[in-house]
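**Q** Provided below are the primary sequence and the corresponding predicted coordinates.
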Amino acid sequence: MFHKLDKNQDGLVTLDELHWILERLGWSEHTPEELELFVGKQSLDLDEFLRFYDDAVSDRKETKNDSVVDNDDAIVGAFNVFDVNGDGYISSEELRTVLERLGFEEETKSWDCGRMIRAHDKNLDGVIDFEEFKNMMLHVQ
């Protein structure tokens, strides 16, 4: 994803590029100017980008009644990005749509989104439900 965001291939992702992907993921709580205050610079190299991403995911955990809510909120948010029609399932068409929206137009032509779905479709219904998505995300992390 970093290399796709790095439009001019200079090894840096600008705050505008970072803001663009955060908007696509539904995490656009901040303007590019606010991101600069948070990040402290105009662009991020790969290591800084990965640290920012890790921090952003960690920050999405909320504290309620002095107890930390687990990663489910972040996973629900990510699931909702892919569940384009809101039916509670991610189809191969929805996966392709979101990947294209994230800037992976060329790659989606050669990727078999159906195969990606089947790899994590444990109940073999042809789509990914939230529990299958959650298991996939927890396995990746």
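**A** It's in. Residues are numbered from 1 along each chain as shown.
**Q** Give me the spatial nearest neighbour of Asp83, chain neighbours excluded.
**A** Ile90 (5.5 Å; Cβ to Cβ, 6 or more residues apart in numbering). (Each C-beta comes from the backbone N, C-alpha and C, glycine too.)
**Q** For that neighbour, which residues are in contact?
**A** Phe79, Phe82, Asp83, Ile117, Val127, Ile128, Phe133 (Cβ atoms under 8 Å, 6 or more residues apart in numbering).
**Q** What's opposite it in the beta bridge?
**A** Beta-bridge pairing for Ile90 (DSSP bridges): Ile128.
**Q** how close does Leu35 get to Gly77?
**A** 18 Å (Cβ to Cβ, to the nearest Å).
**Q** Compare these two (neighbour count), which wins?
**A** Per other Cβ atoms under 10 Å, whichever of Leu35 and Gly77 has more neighbours is Leu35, with 21 against 13.
**Q** Count the neighbours of the closest residue to the more buried one other than its chain neighbours for me.
**A** If the residues on either side of it in the chain are set aside, Leu35 comes closest to Leu15, at 4.9 Å by Cβ to Cβ, 6+ apart. Leu15 has 21 neighbours, counted by other Cβ under 10 Å.
**Q** One more: Val13?
**A** 24.
**Q** My guess is it contacts Leu5. True?
**A** Yes - here Val13 reaches Leu5: they are 4.8 Å apart, a contact under Cβ atoms under 8 Å.
**Q** Show me what counts as buried in stretch 87-98.
**A** Tyr89, Ile90, Ser91, Ser92, Glu94, Leu95, Arg96, Thr97, Val98 (16 or more other Cβ atoms under 10 Å).
**Q** how close does the residue nearest to Asp83 sit to Glu23?
**A** 20 Å.
**Q** cool, and Leu95?
**A** The gap separating Leu95 from Glu23 is 19 Å, by Cβ to Cβ.
**Q** same thing with Asn8?
**A** Asn8 is 20 Å from Glu23, by Cβ to Cβ.
**Q** Could you check which of these two is surrounded by more residues?
**A** Using other Cβ under 10 Å, the more surrounded residue of Asn8 and Glu23 is Glu23, with 11 against 8.
**Q** right, and the helix or strand after the one helix or strand that one maps to?
**A** Taking DSSP states H and E as the definition, Glu23 sits inside helix 15-24. Next in sequence after helix 15-24, counting helices and strands by DSSP H and E, comes helix 32-39.
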